[in-house]
Structure formats: structure tokens, C-alpha cells
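K.L.:
how would this look folded up:
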Amino acid sequence: LRVLSLAFNCLENFSEIESLSEFPHLQVLNLDGNPVTVYPHYRLHVIQRLPKLKTLDNKEVKPKEREMCGRVLREEQELLG
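P.N.:
As a prediction, this is how the structure comes out:
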């Protein structure tokens, strides 16, 4: 599986997205219209869980986003305790 659209499917948390890591060749994912997309750093959370993604929600995954994942999500975790 390389391309998947789950737009407007009521996905509410990142654990629901984590199961997509079972598809190691997934490169294009659309999650538009799901509640999970409003969380801070949503894209970084998804990119971290699915490192082979090239496109998320019809936008290219930039190298800078990949670089930011670890640092930003660590900082977020520290703030949340």
C-alpha cells in the first residue's frame, strides 16, 4: 500500500494513526477533515510515526519537517510533563 486517503473518517488521536506503520511502503496519506488534524504539531506527529511519507494531506513532507520532529516533539512532551 503506497497511497491512502482516510479523509473525513473521524480519526481523533495519534494512536489510530500509529496502526498505519504496518504499511512500510506508505508514501502518500490524506487525513484532511479528521479531528486529529487540529492538534498542535499534527504533521510532525504523523511524520514521526510514518517516516516514509512523501506527501501528507496533499502537501509535500519537507526535509525540514523531518529534522524538526524529534526536537519539537521532545519539547512538547517536556511541557506536558
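K.L.:
So Leu31 versus Ser5, what's the distance?
P.N.:
Look at Leu31 and Ser5: by CB to CB, to the nearest Å, they are 8 Å apart. No exception for glycine: its C-beta is placed from N, CA and C like everyone else's.
K.L.:
These two - which one has more neighbours?
P.N.:
Neighbour comparison, Leu31 and Ser5: the larger count goes to Leu31, with 23 against 13 (by other CB atoms under 10 Å).
K.L.:
Pretty sure the more buried one sits against Leu11.
P.N.:
Yes - the pair Leu31 / Leu11 is scored as a contact, 6.4 Å apart, by CB atoms under 8 Å.
K.L.:
Can you pull the residues that touch both of these two?
P.N.:
Common neighbours of Leu31 and Leu11, counting by CB atoms under 8 Å, 6 or more residues apart in numbering, are Ile17.
K.L.:
which residues of the protein fall in strands?
P.N.:
Secondary structure of the chain (DSSP state E): strands at 3-5, 28-30, 55-56, 59-60.
K.L.:
Can I get the ones you listed in a markdown table including mean pLDDT?
P.N.:
What follows is those, written out as a markdown table (pLDDT from 0 to 100):
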| stretch | mean pLDDT |
| --- | --- |
| strand 3-5 | 98 |
| strand 28-30 | 98 |
| strand 55-56 | 98 |
| strand 59-60 | 98 |
